[in-house]
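J.: Predicted model and sequence follow; I will ask about them next.
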Amino acid sequence: MPATTESGLRSLHHAAFRCRDAEQTRWFYEDVLGLKASAGIVLDEVPGTHEPTPYMHIFFEMGDGNFVAFFDAPSTADPSWFKRKDSFDMHIAIQARDEAHMLEMQQRIRDHGVSCLGPIEHHFVRSVYMYDPNGIQVEITTRTADHDRILGEEGAALPQVLKDWTAQTRAEKEAKFGAEALDRRGKPQSELKG
């Protein structure tokens, strides 16, 4: 494992997801959460493959200049993709300024008629949760006073914890996914399956 985080990569520019409807998604991220709808790019083909697929790529800007983005491509969408997803499978965590701001956001979300659960104590963060119109769980979170200490301790223990977890779960994963799927290091992308 690398001993440093200095890879030259600076920050997350955007995370992108598929949406059922761009306007419904705009309502949630702009009107409910208060993010700036900063761009909506409409194209007729997929860049790189040139596959004819009309779609809109819509971007919402957060306070740090990073974005959460969505693709609205109805011709290739499957309705089952928009069922509520388990938070282990997919969720977006957006950081509030502080705990008071997180609680203000929770009330704002509820005032728009959206169910918002919490706050939930995770020791290093406290969070409130809701679902967007696309079935994606959205978490509004704030760091606790112990955030840096807890993550520092967990980070120092990570190499051994990861080694132990891998040993504990390897047989179950091999049975479920196959051994080849569990180590793809050094293999050309064209040779990978699944």
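T.: Right, received. Where do you want to start? Numbers count the residues shown, from 1 in each chain.

J.: Now do the helices in this protein.
T.: 22-26, 99-111, 147-177 (DSSP state H).

J.: just checking, which of these sits deepest inside the structure?
T.: helix 22-26 (a mean of 18; mean count of other CB atoms under 10 Å). To be clear about C-beta, it is placed using only N, CA and C from the backbone, and glycine gets the same treatment.

J.: Other residues contacting stretch 59-79?
T.: For stretch 59-79, contacts defined as CB atoms under 8 Å, 6 or more residues apart in numbering pick out 11-22, 25-26, 29-30, 33, 35-41, 53-58, 92, 94, 134.

J.: ok, now stretch 39-56?
T.: 22, 57, 58, 59, 71, 72, 73, 75, 76.

J.: Go through those residues and flag which are in strands.
T.: 57, 58, 59, 71, 72 (DSSP state E).

J.: which of those residues lies closest to residue 162?
T.: residue 71 (33.0 Å; CB to CB).

J.: beta partners of the closest one?
T.: Beta-bridge partners for residue 71, by DSSP bridges, are residue 18, residue 57.

J.: Next one: the most far-flung residue of the chain relative to its centre from residue 182, what distance?
T.: Distance from the C-alpha centroid of the chain, by CA atoms, centre = their mean, peaks at residue 171 (28.3 Å). Computed as CB to CB, to the nearest Å, the residue 171 to residue 182 distance reads 11 Å.
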